[in-house]
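> take a look and give me a structure for this.
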Amino acid sequence: MSPTASIAKRRGVTLITSSSPKEDTFEIGTSPLSIIKNALNANPGDQWDPDRLLDAIHWLRQILSVVCGLVWGSVPLVGMQYAVGFLAVNVLGMVAFYQLHLKIDPEDFGGHGVLQQEGFVASVALFLLVWIITYSFLHF
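All right, here's what the predicted structure looks like:
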């Protein structure tokens, strides 16, 4: 078993190998889309692997950032109060997701701090990028 296969096996990931005997490449069978789909269709009280939960939170934050950036830029909303508003939506949206939708105990995964920091900085940067580009494209 290759090192990639053993790492993926420990994480519970399905590996897909190529059918070509010359080229044996591995692809992890968990795309961001499938992670998000599983998270949104999850039943309350399901058991979550910590890595899968953190991946779901990360990708949901990125989607939320793009949507909010497009809305803020196209409306047009400008000013610091809207940037702070996004931070509130970002934090409260994730708390609502993992406490109200998934009904998990944050302490089982390291507390609110661990769950809130997953993908936070990247989502803020992505939000600002999309907001600025959308606003500049539509209003200048």
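
> distance from the chain centre to stretch 54-72, please.
7 Å (Cα atoms, centre = their mean, to the nearest Å).

> and for it, what are the contacting residues?
30, 32, 35-36, 38-39, 77, 82, 86, 89-90, 93-94, 97-98, 109, 114-115, 118-120, 122-124, 126-131, 134-135 (Cβ atoms under 8 Å, 6 or more residues apart in numbering). Using the backbone N, CA and C atoms, a C-beta is placed for each residue, glycine as well.

> PyMOL command to pick out the buried ones of these?
Remark: buried members of the contacts of stretch 54-72, expressed as a PyMOL selection using 16 or more other Cβ atoms under 10 Å:
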select buried, resi 30+35+36+39+77+86+90+94+97+98+109+115+118+119+120+123+124+126+127+130+131+134+135
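
> correct me if wrong: V78 contacts S136.
No - look at V78 against S136 with Cβ atoms under 8 Å: they stay out of range, at 11.1 Å.

> who's in contact with A42?
W48, H101, L102.

> let's see if you can find the most crowded of these.
Per-residue neighbour counts (other Cβ atoms under 10 Å) across the contacts of A42 peak at L102, which has 19 neighbours.

> that residue - nearest residue in space that isn't next to it in sequence?
A42 (6.0 Å; Cβ to Cβ, 6 or more residues apart in numbering).

> ok so the one you found is a strand residue?
No - secondary structure of A42 (DSSP: H, G, I helix; E, B strand; the rest coil): coil, not part of a strand.

> N43 and K103, how far apart?
9 Å (Cβ to Cβ, to the nearest Å).
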